[in-house]
Structures are given as structure tokens and as C-alpha cells.
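Trainee: I would like to see how this sequence folds:
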Amino acid sequence: MMSPSALLLVTILTPFIGATLSLLFIKFSKTIGYVFAVVSLVIPLVCSCLLLISTAGGEATGYFGGHYFGTTLSHPLFVDGVALIFSVVFSLVALLILLYSFSFLGDSEHKGDYYFFLLVILGAMLGFIFSANGLLIYIFWEIATIGMWRLVGFYRGQKDVVMAEKAFLINFFGASLLVLGLVMIYMQTGTLNLLRLGGKSVGNLPLLLVFCGIIAKSATLPLHVWVPSAYPHAPPPVNAILSGVIEKMGIILFLRLWVQGLGVPSPWNIAVPTIGIISAGVAAGAAIMEKDVRKILAYSTVSQLGFIFIGMGISTLLGIAGTVLYIVAHSFGKAGLFLAAGYVEKGTGQRSIDKLGGMMRKSPTLGVSFLLLCLSIMGIPPLLGFFSKTLIVTNACTLNPWIGFASIVVALFTMLYLFRLWEGIFLGSSTDDLSLSTSRSLLAIVLIFAVISLLLGILVSYPLKVITPAVSGLVRMG
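Mentor: Down below sits the predicted model:
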């Protein structure tokens, strides 16, 4: 068996190598290109699982790499249980989205670019997850932004390109503030290793700059505006990879810098949950008013990312464990919902809930799968989202009753707009004579996401056995 350092390098580099090979071969043989794409996602998933098993549930932590360019790139890679959990989850989500994309995109003109950037995005995400150094974090952050820009504008229409550029510019603005904040942190502390900042003096200004970059990437008020405009123009599987994977980057950086590196000092322990509550509430209100299925789900993503920031700001062992668990639940649940919405849109040509309805009679499997995914995001037992949201809310209520109360209100809004969405698509009768004839392989992928959300909820003790020791080591370091 390969050493942990070799497994780590294979995990990070394989998607980049596979992206290049897939782009080269897909022009000559679609099948060979697809095989390279699938293999380049299966390998990181397997390697991540092997690393997670070898750490006995994630308790072991360690640095990889030596000193490069003086202290600027000292020990650039870091492995712990939390990073491995995210690596396994995001690799699996990306693999399922890739399989869905084969059928959904078919012989689209730019399919080669699509698979290239999808794989590059996962490679950037994996590199980001395991990076301990601010310089590497910024490099992978920007690679993911470029991939996101190209995928949002996949159809190449004039408005598609405009919305892609809007998403890119807002994220680039956030990244510019991020790198400025990292430079200031380095000037104040003499290190870019974000996990070695405990006990060092870091001013609030560089932290504020970094936080602005975080909320731009993780679609939080007021820098969320690119999400509801970009999502309707990108293919549904792109929506799924954005919501299920890329938009977790900011949250993970907050986890590394604040929770693990510094702890969550005052006034951040109040400011972050407050920002999360405002973002979650405003976006939930917008979702309630929307009729476009993809915009409802886009605002839902903004709302749920805000809810995750509530948990991050709490910064207790159970609060962070619940937050990590909810990141897992949201990645599977929201990716599955976007793919389900894509299935409906591809079959009917409609995405307004005013023009949909009655889909339960046409596809009970889709209706039940969509409902299960909604219930997980709502936090209804026995779905995975219930246990994670319960941990977040109960810890919020214990530490700050007002934050706890507000998080409950946000959770109720989530139930309202998701039930409205499900009812609008699947109950009643449509205003048009709509058919729902599309590939069964698309439906199978949606069903897999729903089953994962259900099984992880029923068997929640198993993911918690991995997450709890991983988070315990993380919080101790902070």
C-alpha cells in the first residue's frame, strides 16, 4: 500500500491529470474521454477512503512536505479527519454529477470543456481542502473560480456570458480582499500557515478582509448576488457542483483560520452567527417569493450556507460537529435537488412552478426522491439534515437564546419554501399538457442522492463516529 503522503498527492493530482487526458481524447473517442473522466474521480475517492480508514476515524493529524521558498511555503499540505471527510464527500458528489452529466449533456458542442473544468474544479477543491498554507489556498481558490466562470457560461449565449462574468467579477473581488488579508496576516505573524496562528496576534482588519472573500465564495449576504443570476443560466449539473462543492470553500477556510487556527474570538463569535442569520432569513424570504425552480433552489443555497455560518460561529465541539455533518447533508441534498430539477426541466421544458404540477403521477420515483431530499434540507427525521440541524440549533439555544430562536425561525422558513416547491412541481395538475420522458439514468442518479441522504440519517451513528473525533482534534488545536 502507498504511503499516506503518496496517497495524498495522488488524490490531489489525479483530477488535473484526468482533466487533461479527457480533453485530449474526447475529441477522438467520446467513450475513452468519459472513461478518463470517471477514473480520475474514482481514484481520489478511493484514496480518500483509504486515508480516512488509516487515520482510525480521523484522529491522526499531520503535515506533509518540507520547507519551500523559505518560510513562505513551509509544510504546505495538512491531513486531518475533517479534511478527509470533505474529500470523500465532495469526490462522491462530483462523481455522481459527472455520471449524470454524460446523459444530460449528450453531444453538446462544448462537452469537452465541460468535463475538463469539472475535473479541474474538483482537483482545486481537493488541493484547497488539504492546504495549510495561505499561498496554496489562494492558488486553488482562484483555479476553482476560473472553472466556475467557464461552467456558468457553458451555453455561450450572450446573457450566459454576462452572468458568468458577473459571478467571476464578484468572486475575483472577494479573492482580491482575501489575498490582501493573507498578506497582512503574514506581515503581522511571519507565517502563512493558517493552522499555526494560535497564540499569535492577528488584527481584525486582515480577518475582515479574509472574511469578505469567504462570503463572496460562499454566497452570503451582501456578496451573494451572483448566485440567483448565475444559476438559471448554467446547466443543472453545474448548479449542483456549485452548490454541493464549490460554495463550501469559504466555509472550510473559516473553519481552518478561525475555528482551528485562532478559535473564534470576540467579536467574531457574535458577528458571524448574526451575519448567517440575516443572510439565511433574507434568502429564505426571497425563495418564498420566487416561482422559478432554479432560483428557488439558488436562494435556498444562500439561506442554508447562512445557516452553516450560524453553526460555525458557535464553535463548540457539538456545534462544529453538527455543522460538519450539515455540510455533508447539504452537499448531497442540494446537489440531488438541482439534478432532480434538471430532470424535470429536460423532460418538460418548464421550470416555473406556475406551469408545472402533477409530476407525481408521471414519475412517483422522482416525486419521492425529491421529497426526501427536501426533507433532509428542512431537517426532518430520519433524514441526515435533521440530526445536523438539531445539533446546531440546540447548541445555539444553549449559548445564545436569541441566535437559537432565530435559527429555528430560519428552519421554519426553509420548510415553507421547500414544501411550496415540491407541491408546485408534483401535486395538482399542470397548466400545460406536459410529458416527463427523459433518460432513466438521470433519475437513477437523483434516486442515489436521496437514498444516501436517507441511509446516512438512519445510520447517523456511523458518520458521527468519524466526525466527532475529527472535530474534537480540530477544536483542541484551535
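Trainee: alpha carbons only for contacts and neighbour counts from here, please
Mentor: Noted.
Trainee: Alpha carbons of the helix or strand where L207 lies, as PDB, please.
Mentor: Here L207 sits within helix 204-217, counting by DSSP states H and E. In PDB, the C-alpha atoms belonging to helix 204-217 read as follows (Å, rounded to 0.1, in the frame of the first residue of the first chain):
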ATOM      1  CA  ASN A 204      -9.400  42.400  13.000                       C
ATOM      2  CA  LEU A 205      -8.700  44.300   9.700                       C
ATOM      3  CA  PRO A 206      -6.900  41.400   7.900                       C
ATOM      4  CA  LEU A 207      -9.500  39.000   9.300                       C
ATOM      5  CA  LEU A 208     -12.300  41.200   8.000                       C
ATOM      6  CA  LEU A 209     -10.700  41.200   4.500                       C
ATOM      7  CA  VAL A 210     -10.400  37.500   4.500                       C
ATOM      8  CA  PHE A 211     -14.000  37.100   5.700                       C
ATOM      9  CA  CYS A 212     -15.200  39.300   2.800                       C
ATOM     10  CA  GLY A 213     -13.500  36.800   0.400                       C
ATOM     11  CA  ILE A 214     -15.100  34.000   2.300                       C
ATOM     12  CA  ILE A 215     -18.700  35.300   2.000                       C
ATOM     13  CA  ALA A 216     -18.200  36.100  -1.700                       C
ATOM     14  CA  LYS A 217     -17.300  32.500  -2.400                       C
END
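Trainee: Of all the residues in that helix, which ones are buried?
Mentor: Residues of helix 204-217 classed as buried by neighbour count (16 or more other Cα atoms under 10 Å): P206, L207, L209, V210, F211, C212, G213, I214, I215, A216, K217.
Trainee: Make TSV out of those and add distance to I448 and pLDDT.
Mentor: Formatted as TSV, the buried residues of helix 204-217 follow (distance: Cα to Cα, whole Å; pLDDT from 0 to 100):
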residue	distance to I448	pLDDT
P206	42	93
L207	40	92
L209	40	95
V210	37	95
F211	35	94
C212	35	95
G213	34	94
I214	31	95
I215	30	94
A216	31	93
K217	28	92
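Trainee: before we move on, back to that, tell me what the helix holding L207 is packed against?
Mentor: Helix 204-217 sits against helix 158-189, helix 249-254, with contacts defined as 3 or more Cα pairs under 8 Å, 6 or more residues apart in numbering; DSSP states H and E.
Trainee: winner for burial among these?
Mentor: helix 249-254 (a mean of 22; mean count of other Cα atoms under 10 Å).
Trainee: ok now the helix or strand that it is followed by, how far from the chain's centre?
Mentor: Remark: after helix 249-254, the chain's next helix or strand is helix 268-289, criterion DSSP H and E. Distance, stretch centre to chain centre, for helix 268-289: 18 Å (Cα atoms, centre = their mean, to the nearest Å).
Trainee: Tabulate the CA atom coordinates of helix 268-289 in PDB.
Mentor: Listed next in PDB are the C-alpha coordinates belonging to helix 268-289 (Å, rounded to 0.1, in the frame of the first residue of the first chain):
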ATOM      1  CA  TRP A 268     -16.500  37.200  15.600                       C
ATOM      2  CA  ASN A 269     -18.400  34.700  17.900                       C
ATOM      3  CA  ILE A 270     -21.400  37.100  17.700                       C
ATOM      4  CA  ALA A 271     -20.900  38.700  14.300                       C
ATOM      5  CA  VAL A 272     -20.600  35.500  12.300                       C
ATOM      6  CA  PRO A 273     -23.800  33.900  13.500                       C
ATOM      7  CA  THR A 274     -25.600  37.200  13.200                       C
ATOM      8  CA  ILE A 275     -24.500  37.600   9.500                       C
ATOM      9  CA  GLY A 276     -25.500  34.000   9.000                       C
ATOM     10  CA  ILE A 277     -29.000  34.600  10.400                       C
ATOM     11  CA  ILE A 278     -29.500  37.700   8.300                       C
ATOM     12  CA  SER A 279     -28.300  36.000   5.100                       C
ATOM     13  CA  ALA A 280     -30.400  32.900   5.800                       C
ATOM     14  CA  GLY A 281     -33.500  34.900   6.600                       C
ATOM     15  CA  VAL A 282     -33.300  37.300   3.700                       C
ATOM     16  CA  ALA A 283     -32.600  34.500   1.200                       C
ATOM     17  CA  ALA A 284     -35.400  32.300   2.600                       C
ATOM     18  CA  GLY A 285     -37.800  35.200   2.100                       C
ATOM     19  CA  ALA A 286     -36.700  35.600  -1.500                       C
ATOM     20  CA  ALA A 287     -37.100  31.900  -2.100                       C
ATOM     21  CA  ILE A 288     -40.700  32.100  -0.800                       C
ATOM     22  CA  MET A 289     -41.500  34.800  -3.300                       C
END
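Trainee: Quick one: mean pLDDT over whichever strand or helix holds T301.
Mentor: Per DSSP H and E, T301 falls inside helix 293-314. The average pLDDT within helix 293-314 is 93.
Trainee: what helices or strands is it leaning on?
Mentor: Under the contact rule (3+ Cα pairs under 8 Å, 6+ apart), helix 293-314 is packed against helix 226-230, helix 249-254, helix 268-289, helix 317-348, helix 384-399, helix 401-426.
Trainee: Just say which of those is most tucked in.
Mentor: Sorting these by mean neighbours (by mean count of other Cα under 10 Å), the first place falls to helix 317-348, with a mean of 25.
Trainee: what packs against that helix?
Mentor: Helices and strands touching helix 317-348, as assessed by 3+ Cα pairs under 8 Å, 6+ apart, comprise helix 81-105, helix 236-244, helix 293-314, helix 364-378, helix 384-399, helix 440-458, helix 461-477.
Trainee: worst average pLDDT in these?
Mentor: Lowest mean pLDDT within the helices and strands packed on helix 317-348: helix 461-477, at a mean of 80.
Trainee: How about that one, which residues are buried there?
Mentor: P463, L464, V466, I467, T468, P469, A470, V471, S472, G473, L474, V475.
Trainee: Which of the residues you listed sits closest to S48?
Mentor: Of all those, S48 sits closest to V466, with 13.5 Å by Cα to Cα.
Trainee: okay, and the helix or strand of this protein with the least pLDDT?
Mentor: Using mean pLDDT, DSSP states H and E, strand 67-68 stands out as the lowest-scoring helix or strand of the chain, at a mean of 49.
Trainee: I'd like the helices and strands packed on helix 293-314 as CSV, with distance to V88 appended.
Mentor: Output for these, formatted as CSV (distance: least, Cα to Cα, whole Å):
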stretch, distance to V88
helix 226-230, 25
helix 249-254, 15
helix 268-289, 26
helix 317-348, 10
helix 384-399, 17
helix 401-426, 27
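Trainee: need the contact list for the closest residue in space to A94 that isn't next to it in sequence.
Mentor: Counting by Cα to Cα, 6 or more residues apart in numbering, A94 lies nearest to I241, which is 6.7 Å off, once chain neighbours are set aside. The contact partners of I241, taken as Cα atoms under 8 Å, 6 or more residues apart in numbering, are V93, A94, I97, A335.
Trainee: For D292, see how far away I241 is.
Mentor: I241 sits 19 Å away from D292, going by Cα to Cα, to the nearest Å.
Trainee: Over to L455?
Mentor: Distance, L455 to D292, by Cα to Cα: 30 Å.
Trainee: between these two, which one's more packed in?
Mentor: Regarding L455 and D292, a neighbour count based on other Cα atoms under 10 Å identifies D292 as having more, with 18 against 13.
Trainee: what's the distance between the more buried one and L356?
Mentor: 10 Å.
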